[in-house]
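**Student:** for reference, the sequence and a predicted model appear below.
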Amino acid sequence: MASNGATDGFTTPNVLQAMLTMRSGDSGSKKAAMDYLQKFQKSNEAWTTTISILQGSPEAEAQLFAATTLKGKITYDLATQIPESEHAALRNQILVLLKKFASGPKPVRVQLCVCLAILAIQMQSWKDVLQTVVSALGDDVSSHACILDFLRVLPEEVTEGRKITLSEEELIQRTSELLADNANEVVGLLINYAQSSPAAATNPQLFECITSWLREVPVTVVVNSPLLDAVINGLSDDRSLQAAAECLGIICRETRDVDDNLETIQALLPKVLQLRPRIQALADEEDIEGFKAITRVFADAGDSWVLLCAREPQHFRPLVDALLECCARDKERDAIHYTFNFWYELKQYLTLEHYIAARVQLLDVYSKLVDVLLKQLEYPESDDPNEFDLFDGDREQEEKFREFRHHMGDTMKDACQVMGTTECLTKVHEAIKIWREKFGGQATESAVPHWQSLEAPLFALRALGRLVDKEENIVLPEIMPLLVQIPINNEKLRFAAIMVFGRYTEWTSAHPDYLQPQLSYVLASFQTSSQEILRAAAQSFKYFCVDCKHLLGPQAIELQGFYNSILDTLSDHSKEDLTEGVATVISVQKTEDIYSLLKLYCDPLVQRLMTKANNATDDTSKLELADHINLLTQYVQNVVPYWPSNSDNPAVRYWQEVFPILATILDNFIDFVPICERICRCWRFMVISYRTAITPLLGPLANKLAEGFAKSKQGCFLWASSAILREFSEDREHVEDGIVDSIYGFFEAQATNVLRMMSDIAPIDLPDVIEDFYRLLIDALLYYPQRLIPSPLFTPIFQAAISALSLEKQEPVSAALHYIRDLLTYGGDNPASSSQQFGAVGAQLREHVRQLLLSQGEALIKQTLAGMMITFPRDCFSDGSGVLLGMFELLPAETSAWVDRTIRMLPAGTITDAEANKLMAKINEKLQGGDRSNLRHVRTLLQDFTNTYRRRYIAPRDGLGMLTAARFHFEG
């Protein structure tokens, strides 16, 4: 087998041998075969070889590979490798192949249909596409599948798969020729086919075709044709049920604009409702897939006509009842989720005053829906009341059920908003009382019978928490005393009760008599060994502390004993929940007590911290140390006392004592990134929380950040530095000029270190540093423009940003683009500054920016366009487009010339001179006359051009060539 990509190596035997090697060779041989096949797919010889394989090879795998390769060739290489005069011959070869594979294999046939569709899009001289294909394939039964496949893929390829070499205008015209002009003929063909035989009338391919063309054919045409009855009948045939259900759902969705489709909907509604008996039939047959399909039909109809359900509740009530029946009969809980959106959208209308009459008429439906949901929320039953593994060890299935319950909880909230909270809570209360009456007396310390029917209303109660007003005084005072009696030996029930208490802490804060029993229940739960219960208890405890902090204030010292004793038994996340809770309680204490309370709570944490630091010898123990630092950060974030600006803040006074310990840990673990990140996060929040009150710590903090970055080269030090830059900027109150000078000097030192690093190390190896650096620079430009823009660092920072645009990772590219966009505003009259009062300095800043752009603008344009066409992640497109617009606003003539030069650097064969000239002519036309509104049109032109190019060429096959980014060098 030839593996060097030589021209004479891409023969049919060699390609087939390479495929054989891919199936059975060793890893080295497979890699060589893969490289060979990739080169083959890009070669000119692939055209003849693939057709040769399709004509002669008996192996289905080889046939599929050849058909897929041919599709890629037509998509990407037709314009550059096949003369237009030979397109018709290629078309005829594909038609012959389609005739050969009309009876299968289906994957090969479908790929060939896609080939023909893509060729039809690009072959603009081919006007009679449909007639040619139908005529060439003939009218025998074996060709029908082939014609149906082609009809199905044609609209999909025209509207979705357009990685082709046509301009937007040509695409619009070709779309009209292929789809709109053929719509009526296609409908006629499908009707004739559907009426040709009983088998044809229930062929899934027929319904797939109708579905595909519904984007082009007015829905009323289909509804008023024999095709609708074919679709309805298809729902009664097992072979076509799924395809027919999808088709009918699309038909319904095409009538979403109900006011424009009233007659069509009136024709559809009885057809849909006649399917209702199928709900029970499929449920009784336990046909899970069929039941899902019929539910999806009713859900699509409901979603599409929900406005009419609110306008005419009596007329559309049967549809609403059918959806309720789907929910009630869904034994496997696989289909009910299709209805959730309908209940939500209907709720949105029924809760408007305008639809109050409909709300009254449909109230009973939502009441029944709550009953259904309470039943569907139940865990599966088990013969053993102590068995909690109800999914036979299938954790994925259990997690899926839990997620599903949360979606059902959302629907329960929708019902609550229609019914009213009191009525909905009453139903939940009744469910709890029914369990107590039936099974409460049978519950023992070792077993709780039918606990599932008690846990479900508890889950529903938790789901409703956000809707219940804290002044609710009718139902909750009846429920809450029952919950503290929930058996603690049943893990599921205990978890549910704890989560309910956590959800209703706002209500409890307004009803303090209920606080102590609930809190005692939660605190007692910390003695369990179940991690799930511990997580729930920690989360609920946090909410009690946050919402009832003033009620718990007198217990601040008592809580410290509990906190200190229980902390080490919890997971990291639960430790943070618990810590956030107690920190919130401390935050509302008297200001003069803050220092002593921080010492009481945090000194033991600091002692643990030092012990962990002394024992941290491997990665696991170092990570535990890093996570422990987060607990101190919780106090920094939450304990922020108000204190006069001219006095020492008591919280800052405490953190001054802790700072040297954190600094020492940082020095000892400077090579361990998680510890660096956690300490930087802690220090950053010190600046954010205490603002200028942190001044006593500012000097040592800035020194450690600068020193830490120089040693570790980690972006987290820049991230923390940005907080200092913001809080101590020139326009802040209570900041001395000397401090501002020092802070800016600190920034310049950090920036110089980063630039040196970017000069020595390729951007691809510094994505996080680059992101954090340009986030820092956005703040520097915002708060210190009069210092940064005239600075000697201004130009190398800009050059480094251009270099960063060569990356293919969103975060650093986005940060660099944001910085550049902000910078460009300083070249105009509306700078992105925290202060607009520049006075005479403003003109100087504008001139600095202008000179920078004149010298570096071409490199910026080149890299931005290269990114938008080739390398940028999709989320960076709008910012790249914004950079281009900003450049055209500031330097229109120069930017136009730079764009022209850049697009002519594109890899050979990917763009013609005619296309480049056409684009530049349109841009220059928009730039003439001085109308600034035309700049938006220029932006649109470039967006369309780059999007079209990107669709056509996923990436250059031999690198970026002349568009390769220049390596950044810094001499400072």
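**Tutor:** Done, it's in. Numbering: from 1, shown residues only.

**Student:** what is the end-to-end distance of stretch 152-172?
**Tutor:** 20 Å (Cα to Cα, to the nearest Å).

**Student:** quick one, what contacts residue 776?
**Tutor:** Taking Cβ atoms under 8 Å, 6 or more residues apart in numbering as the contact definition, residue 776 lies against 718, 719, 721, 722, 725, 747, 750, 751. Backbone N, C-alpha and C define where each C-beta goes, glycine included.

**Student:** if we use 10 Å, what do you get?
**Tutor:** Counting by Cβ atoms under 10 Å, 6 or more residues apart in numbering, residue 776 touches 715, 717-726, 747, 750-751, 754, 815, 819.

**Student:** repeat that for residue 341.
**Tutor:** 299, 300, 302, 303, 306, 411, 414.

**Student:** and those residues, which two are furthest apart?
**Tutor:** Greatest spacing in the contacts of residue 341, by Cβ to Cβ: 300 and 414 (18.5 Å).

**Student:** show me the shaky parts of the stretch 1-150 of the chain.
**Tutor:** 1-8, 25 (pLDDT under 70).

**Student:** around residue 478, how many other residues sit close by?
**Tutor:** Residues near residue 478, counting by other Cβ atoms under 10 Å, number 13.

**Student:** that one is in contact with residue 432, isn't it?
**Tutor:** Yes. Shown here, residue 478 and residue 432 form a contact pair, counting by Cβ atoms under 10 Å, at 9.4 Å.

**Student:** and residue 282, how far is that from residue 667?
**Tutor:** 69 Å (Cβ to Cβ, to the nearest Å).

**Student:** check residue 344 too.
**Tutor:** Counting by Cβ to Cβ, the gap from residue 344 to residue 667 is 55 Å.

**Student:** next one: residue 274
**Tutor:** 78 Å.

**Student:** residues in contact with the nearest residue to residue 545 once chain neighbours are set aside?
**Tutor:** Spatial nearest neighbour of residue 545, chain neighbours left out: residue 581 (3.3 Å); criterion: Cβ to Cβ, 6 or more residues apart in numbering. Residue 581 makes contacts with 538-546, 549, 552, 559, 563, 634, 638, as judged by Cβ under 10 Å, 6+ apart.

**Student:** go with 8 Å
**Tutor:** With Cβ under 8 Å, 6+ apart, residue 581 has these contacts: 541, 542, 543, 544, 545, 546.

**Student:** report the next helix or strand after whichever strand or helix holds the second one in sequence order.
**Tutor:** Mapping residue 542 onto the secondary structure by DSSP states H and E places it in helix 531-547. Stepping forward along the backbone from helix 531-547, the first helix or strand reached (DSSP H and E) is helix 549-552.

**Student:** got the CA positions of that next one in PDB?
**Tutor:** Backbone C-alpha positions of helix 549-552 (Å, rounded to 0.1, in the frame of the first residue of the first chain) are rendered in PDB as follows:
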ATOM      1  CA  LYS A 549     -30.000  35.100  61.200                       C
ATOM      2  CA  HIS A 550     -31.500  37.700  63.500                       C
ATOM      3  CA  LEU A 551     -33.400  35.000  65.400                       C
ATOM      4  CA  LEU A 552     -30.300  32.900  65.700                       C
END
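
**Student:** please begin residue numbering at 34 from this point
**Tutor:** Sure, I'll start counting at 34 from here, so that last one is helix 582-585.

**Student:** could you check how far the residue found closest to residue 287 once you drop the neighbours it is linked to in the chain is from residue 374?
**Tutor:** In space, and not counting its chain neighbours, residue 287 is closest to residue 252: 3.9 Å by Cβ to Cβ, 6+ apart. Plainly put, residue 252 is 20 Å away from residue 374 if you go by Cβ to Cβ.
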